[in-house]
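Q: sequence and predicted structure, then a few things I'm wondering about:
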Amino acid sequence: SQQGEEDPQALSIQEGENATMNCSYKTSINNLQWYRQNSGRGLVHLILIRSNEREKHSGRLRVTLDTSKKSSSLLITASRAADTASYFCATSGSYGKLTFGQGTILTVHP
Amino acid sequence: NAGVTQTPKFQVLKTGQSMTLQCAQDMNHEYMSWYRQDPGMGLRLIHYSVGAGITDQGEVPNGYNVSRSTTEDFPLRLLSAAPSQTSVYFCASKLVPGYEQYFGPGTRLTVT
């Protein structure tokens, strides 16, 4: 069964707007990671946030983690058409196994 | 570094045939995994390995075998292909558990 549930399933915005994606999970984790997948390609790691961290930034990306609510959010600021992709959260538990959510399809219109 | 490489990129099999999906990494990563990706299902873990000679099952291991004789290679064997195994298969590696994972480009498999 999937550990992560992502919301929304699809998001369509205009270039320059911010995009927010949410991820909820069910069991305790060591860390939570966000990945990006362009159509027909493999996944690319974006950012990792550990269970004792609450917020992390990387360029235009901001990730928050609320372990009490078992949820995380990924914010992409000032989005670009090149940000169009699927975004997945993945929780890391015992033995480093990653469990992925179903993903959010982001479309950024020029 | 080439990173994580997978061959073939595309494959069509008939029901009952067997084949091996190849995966190799040149980053000296101990941890390697195989996933399958189906529409609307995200990625599901098939098998993983924490080092040469050590493998374990993931979420959906039935119908697949793996072995890890070297640090670099982690092949996935389909014993008797079924249409339900039509999917995109990704191999991934990471230095140690808890770190970021690097993915290969994927193998698109169709079983007719």
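A: Here it is on my side, so go on. Numbering: from 1, shown residues only, chains lettered A, B, ... in the order given.
Q: tell me who's in contact with A:S58.
A: By CB atoms under 8 Å, 6 or more residues apart in numbering or on different chains, the contact set of A:S58 is A:L46, A:I47. Using the backbone N, CA and C atoms, a C-beta is placed for each residue, glycine as well.
Q: just for chain A, where's the confidence low?
A: Across chain A, the ranges flagged by pLDDT under 70 are A:1-3.
Q: please identify the residues of it in proximity to chain B?
A: A:1-2, A:4, A:30-31, A:33, A:35, A:40-45, A:48, A:88, A:90, A:92, A:95-103 (CB under 8 Å from any CB of the partner chain).
Q: what strands flank the strand ranked longest in chain B, and is each parallel or antiparallel?
A: Longest strand in chain B, counting residues (DSSP state E): strand B:42-51. If you go by DSSP bridges, strand B:42-51 pairs up with strand B:31-38 (antiparallel), strand B:54-57 (antiparallel).
Q: among those, which comes closest to A:A82?
A: Taking CB to CB, strand B:31-38 is the member of these nearest to A:A82, at 22.1 Å.
Q: can you give the contact residues for that closest one?
A: If you take CB under 8 Å, 6+ apart as the criterion, strand B:31-38 is touched by A:96-98, A:100, B:21, B:23, B:25, B:43-51, B:58, B:60, B:64, B:66, B:68, B:74, B:76, B:85, B:87-97, B:101, B:106.
Q: assign the residue of chain B found nearest chain A to helix, strand or coil.
A: Across chain B, the shortest distance to chain A (CB to the nearest CB) belongs to B:P97, at 2.1 Å. Using DSSP: H, G, I helix; E, B strand; the rest coil, the structure places B:P97 in coil.
Q: from B:C91, how far off is the residue in chain A that chain B sits nearest to?
A: When scored by CB to the nearest CB, chain A has A:G96 as its residue closest to chain B, at 2.1 Å. From A:G96 across to B:C91, the span is 16 Å (CB to CB, to the nearest Å).
Q: which of those two has more neighbours?
A: Counted by other CB atoms under 10 Å in any protein chain shown, A:G96 and B:C91 do not tie: B:C91 has more neighbours, with 27 against 19.
Q: okay, and the beta partners of the more buried one?
A: B:W34.
Q: is it true that it touches B:C23?
A: Yes - if you go by CB atoms under 8 Å, B:C91 and B:C23 touch, sitting 3.4 Å apart.
Q: give the buried subset of the residues of chain A next to chain B as a PyMOL selection command.
A: Buried residues among the residues of chain A next to chain B (16 or more other CB atoms under 10 Å in any protein chain shown), as a PyMOL selection:
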select buried, chain A and resi 2+4+31+33+35+42+43+45+48+88+90+92+96+97+98+99+100+101+102+103
